[in-house]
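Novice: sharing a model that was predicted from the sequence below.
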Amino acid sequence: MYYFTKSSSEYRLINDEVTTHLVYVRNEVEPDLTPPLEVTITTDATIFYSEDEYFIDEENAVQSKSYQTAPSGGIKAILNRDQDGPWFLEIDGKRVDIRLEHLDFHHEYDWQTGFKLEGDTISYYDRPLKNVDVKTFRVLNCNYSLDKNHVYCGDRPISEADVETFEAWNHGLARDKNHVYHFSKALLDMNPAHLQLIGNSPETSYFRDDKQVMNGENVVLEADLESFRELDHPFAIDKNHVYRFGQRLENVDVKTFEIISDDHFKDKDFVYWNGSDGKAICPNDGSFEELGHGYFKTNGGVYYFYENQKISEDSKGFTMLENGWAKDSSGLFFQGEKMFTGKVDEISILNQAYAIINGRAFYRFEEMEGVDTANFEVWDFEFAHDKQRLYYMGEAIENSFPASFEQLDEYIFKDERNVYIVDRHYGHLLHAPNLDGASVELIERYYFKTKDAVYFYEAQIPEAEPATFEILEGAYSKDKNAVYYSNQKLEGLDPKTTRALSYQFICDEEHAFHYDTQIDLVGKDCQLIEENGDYIKDKKRVFYEGELVPDADPATFEILEGNFQRDKDHLFYGPQKLDIDPKTAIHIGEPYIIGQSKVYFNHTTIEGADVNSFEILDYGFAKDKNHVYWYRKPQEGIDPASFEVKGYSYSQDKDNIYTIENGELVIERKREVRDSEDDSQH
């Protein structure tokens, strides 16, 4: 048995753990390796892709895209070739050519597919797979895997899937003998026996069966099956219409449609921007010229994204510069805005934010004051400096020291007297001044310490002792004297007996806290009802986050699907007690439950809903014999008997096609073709 594995810094093909040959999977393998060879691609092996070559080579990994298997025992394969032709792998009896486009993954995890084996646990991006049989587990691609009992999409078992006949077509499409699947969702209206990909790319988002065309899990409504074909992403076309992301472009002429670039397309009448709305930006009079970064010329003018955003009359002198900057005879532009008015004698564009213009420093649209431009440099997108000070987002940081500036972590920096923390959510700069920079030491995440103090973000944690300080869960921490949340001391907690149950709950023998607020539970009896969940209990009470769940019995309290819970006497939604008998309640699917002859959406009654005919549809829709509902709100004028959900954006009944606009279900257009009675009964 040969194995692909890693030895030292090289990837090799080995037999019985003895290195035999360095293997390049190109057009040839070492001559004394006679195909076919039975191999196992192990957890340490990577097939790297670079341009037209596929090879096992660590040196090129940084510049390559990769596929790395990570099953418990590896994937069994046959390494083979057709006479003097290219090499290929046979996996599960199927040929996998050396050109492995369909293994060109968009989700990389430590150069792996995302699946990982640690001990007896298999996880997907650190989320454990439940009830998995390790011995028979196999990875199919970056999303799908299976064992002898289950099929998984990521870490989620696909309950409808048939293990024996399941096959992955690409990273988001699969089928078995009963269903077609888009990721984990079974497309119940699709016929797996007639499944076809549309287009030459294995990663195409368009596919079909014998009745309909799909874009992901959305039906391409009223598409012509025979003439439908995929163009460059995100476009497709049939004899009647042009489609973008699976949605019909109503006013685009199909006969003269042409893709100009990734940013623009056109027909005989208009030029369109391939942005969020795909709307026309100017008439197609033959003068359109794309400039890049949203700029274009037409009819003697220069525009930014749309014809109503004219920025320059000087179309001949308008010139694109670096990083989205541009100029004409009147000045400089950035992101469609006039940045500088006047003659530009000298310009140095430093990045998308900073520039030196005629010896003056600018950040985006504002001139910076007091900058020594002769010594001005940019460190990254937002930080810059001259000899005297640092700058962040164009603002001077007083009492800063550029000569000693250094990066501690992705978002944390320091100089000899300051620590700077970039808020990764909002980009704001947080500043801890007047420190001994030489003694600053990063602890973890947004915690750091000096020889005398501990800080969370820019704020000192009062009285925290650096020598014994340790991080617990989330924003919880402690030292030998106290317990803290963020930079606050939690009074009453004993650090010797404190347990952090999760990022939001902590307790000692006597007390319990939700974040920084004490809750009425006995600490020694506290336990989470579900790992990392929102519910906590002791022997007498149950809390949802920081709120008491009234009359809940801790001994029998359990979590149901959705956000419903129950004990022996009551049904709950979060902290709210519902007037439903838990013994007769029927959870029909998130977020609906039936009880007392009523249908509930979360904790709210759907007035007038017919319990016996009520059914849940996709994307927030439901219906009964009388109404169609969208997020519990009845929709008037829609025929429930013929109503079907065709995807996130579209639904239809016998008369109309509907879409969602501004949170409301509206008619987009009348049906062009009505299905026959036979076609509608499937």
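Specialist: The structure has been received and is ready for your questions.
Novice: what's across from the nearest residue to Thr319 once chain neighbours are set aside in the sheet?
Specialist: Distances taken as Cβ to Cβ, 6 or more residues apart in numbering place Lys327 nearest to Thr319, at 5.6 Å, with adjacent residues excluded. Heads up, the C-betas are built off the backbone N, CA and C, glycines and all. Beta bridges link Lys327 to Thr319, Leu332 when assigned by DSSP bridges.
Novice: so what's Lys327 up against?
Specialist: The contact partners of Lys327, taken as Cβ atoms under 8 Å, 6 or more residues apart in numbering, are 318-319, 321, 333, 344, 347.
Novice: just the buried residues of these.
Specialist: For those, a burial check counting by 16 or more other Cβ atoms under 10 Å picks out 318, 321, 333, 344, 347.
Novice: any idea which of those residues is closest to Gln504?
Specialist: Using Cβ to Cβ, Phe333 is the member of the buried ones among the contacts of Lys327 that lies nearest Gln504, at 47.8 Å.
Novice: could you check how far the closest one is from Tyr354?
Specialist: Separation of Phe333 from Tyr354 (Cβ to Cβ, to the nearest Å): 16 Å.
Novice: again with Gln504
Specialist: Going from Gln504 to Tyr354 by Cβ to Cβ gives 41 Å.
Novice: sorry, back to before: which residue in the buried ones among the contacts of Lys327 has the weakest pLDDT?
Specialist: Among the buried ones among the contacts of Lys327, Val344 carries the lowest pLDDT, at 87.
Novice: OK, contacts around it?
Specialist: Taking Cβ under 8 Å, 6+ apart as the test, what Val344 contacts is 327, 331-332, 357-358.
Novice: want to try TSV for those, with pLDDT as columns?
Specialist: Below are the contacts of Val344 laid out as TSV (pLDDT from 0 to 100):
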residue	pLDDT
Lys327	92
Gly331	90
Leu332	90
Ile357	91
Asn358	91
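Novice: for stretch 354-371, list every residue counted as buried.
Specialist: For stretch 354-371, a neighbour-count test (16+ other Cβ under 10 Å) marks 354-357, 361-363, 368, 371 as buried.
Novice: oh, that last question was meant for stretch 132-147, not what I typed.
Specialist: Buried residues in stretch 132-147, counted by 16+ other Cβ under 10 Å: 132, 137-147.
Novice: list the buried ones in stretch 516-525?
Specialist: Buried residues in stretch 516-525, defined by neighbour count with 16+ other Cβ under 10 Å: 519, 521, 523.
Novice: so for stretch 169-178, mean pLDDT?
Specialist: The average pLDDT within stretch 169-178 is 89.
Novice: need the contact partners of it.
Specialist: 102, 105-107, 140-144, 151, 153, 160-162, 164-168, 180-183, 192, 195, 197, 202-205, 207, 216.
Novice: stretch 626-634 too?
Specialist: With Cβ under 8 Å, 6+ apart as the test, stretch 626-634 has contacts from 601, 604, 606, 608-610, 613, 620-623, 635, 638, 640, 643, 653, 665.
Novice: repeat the analysis, applying 10 Å as the threshold.
Specialist: 591-592, 599-602, 604-610, 613-614, 616-617, 619-624, 635-640, 643, 645, 651, 653, 658, 660, 663-665 (Cβ atoms under 10 Å, 6 or more residues apart in numbering).
Novice: filter those residues down to the buried ones.
Specialist: 591-592, 599-602, 606, 609, 614, 617, 619-624, 635, 638, 640, 643, 645, 651, 653, 658, 660, 665.
Novice: let's have the buried residues of stretch 132-147 in CSV, adding distance to Glu441.
Specialist: Output for the buried residues of stretch 132-147, formatted as CSV (distance: Cβ to Cβ, whole Å):
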residue, distance to Glu441
Val132, 41
Phe137, 42
Arg138, 45
Val139, 41
Leu140, 45
Asn141, 43
Cys142, 38
Asn143, 41
Tyr144, 44
Ser145, 42
Leu146, 47
Asp147, 46
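Novice: tabulate those (a markdown table), appending distance to Arg671 and secondary structure.
Specialist: Below are the buried residues of stretch 132-147 laid out as a markdown table (distance: Cβ to Cβ, whole Å; DSSP: H, G, I helix; E, B strand; the rest coil):
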| residue | distance to Arg671 | secondary structure |
| --- | --- | --- |
| Val132 | 46 | coil |
| Phe137 | 47 | coil |
| Arg138 | 45 | strand |
| Val139 | 44 | strand |
| Leu140 | 39 | coil |
| Asn141 | 38 | coil |
| Cys142 | 39 | coil |
| Asn143 | 35 | coil |
| Tyr144 | 36 | strand |
| Ser145 | 41 | strand |
| Leu146 | 40 | strand |
| Asp147 | 45 | coil |
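Novice: of those, closest to Leu408?
Specialist: Cys142 (33.2 Å).
Novice: so in this structure, where's the weakest helix or strand by average pLDDT?
Specialist: Within the chain, no helix or strand scores below strand 18-22, which has a mean of 32 by mean pLDDT, DSSP states H and E.
Novice: among the buried ones among the contacts of Lys327, which one lies nearest to Arg417?
Specialist: The shortest approach to Arg417 among the buried ones among the contacts of Lys327 belongs to Ile347, at 34.4 Å (Cβ to Cβ).
Novice: what bits of the protein have low per-residue confidence?
Specialist: Low-confidence segments of the chain (pLDDT under 70): 1-35, 37-77, 79, 81-89, 91-113, 200-203, 276, 381, 562, 673-682.
Novice: emit the PyMOL select command for whichever of the contacts of stretch 169-178 are buried.
Specialist: Those of those that count as buried under 16+ other Cβ under 10 Å are selected in PyMOL with:
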select buried, resi 102+105+140+141+142+143+144+151+153+161+166+168+180+181+182+183+192+195+197+203+204+205+207+216
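Novice: in strands only, show me the contacts of stretch 169-178.
Specialist: Cross-referencing the contacts of stretch 169-178 against strands under DSSP state E gives 144, 151, 153, 167-168, 180-182, 197, 207.
Novice: farthest-apart pair in these, please.
Specialist: Maximum pairwise distance among those (Cβ to Cβ): 20.0 Å, between Val151 and Leu197.
Novice: what bridges to the nearest residue to Glu217 once chain neighbours are set aside?
Specialist: Nearest residue to Glu217 in three dimensions, chain neighbours excluded: His182, at 4.2 Å (Cβ to Cβ, 6+ apart). Per DSSP bridges, the residues bridged to His182 are Leu173, Lys185.
Novice: next: Leu548.
Specialist: Beta-bridge partners, per DSSP bridges, of Leu548: Phe543.
Novice: residues in contact with it?
Specialist: By Cβ under 10 Å, 6+ apart, the contact set of Leu548 is 519-521, 541-542, 575.
Novice: now, which of those residues lie within strands?
Specialist: Going by DSSP E, the strands hold 519, 542 from these.
Novice: ok, of the contacts of Leu548, which one's closest to Ala482?
Specialist: Of the contacts of Leu548, the one sitting nearest to Ala482 (Cβ to Cβ) turns out to be Ile519, at 19.2 Å.
Novice: helices of this protein, residue ranges please.
Specialist: Using DSSP state H, the helices of the chain run over 677-680.
Novice: tell me who's in contact with Gly394.
Specialist: Applying Cβ under 10 Å, 6+ apart, we find Gly394 in contact with 353-354, 361-369, 371, 382, 384.
Novice: wait, which of these is closest to Pro550?
Specialist: Sorting those by how near they are to Pro550, with Cβ to Cβ, puts Glu382 at the top with 49.3 Å.
Novice: doesn't Leu429 make contact with that closest one?
Specialist: Yes - under the criterion of Cβ atoms under 10 Å, Glu382 makes contact with Leu429 at 8.1 Å.
Novice: list residues touching both of those two?
Specialist: 392-393, 395, 422.
Novice: inside strands: which ones of those?
Specialist: Residues of the shared contacts of Glu382 and Leu429 located in strands (DSSP E): 392, 395, 422.
Novice: filter those residues down to the buried ones, PyMOL style.
Specialist: This is the PyMOL syntax for the buried subset of these, where burial follows 16+ other Cβ under 10 Å:
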select buried, resi 392+422
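Novice: quick one: the ones in strands among the shared contacts of Glu382 and Leu429 as TSV, columns for distance to Ala453 too.
Specialist: Formatted as TSV, these follow (distance: Cβ to Cβ, whole Å):
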residue	distance to Ala453
Tyr392	23
Glu395	26
Val422	21
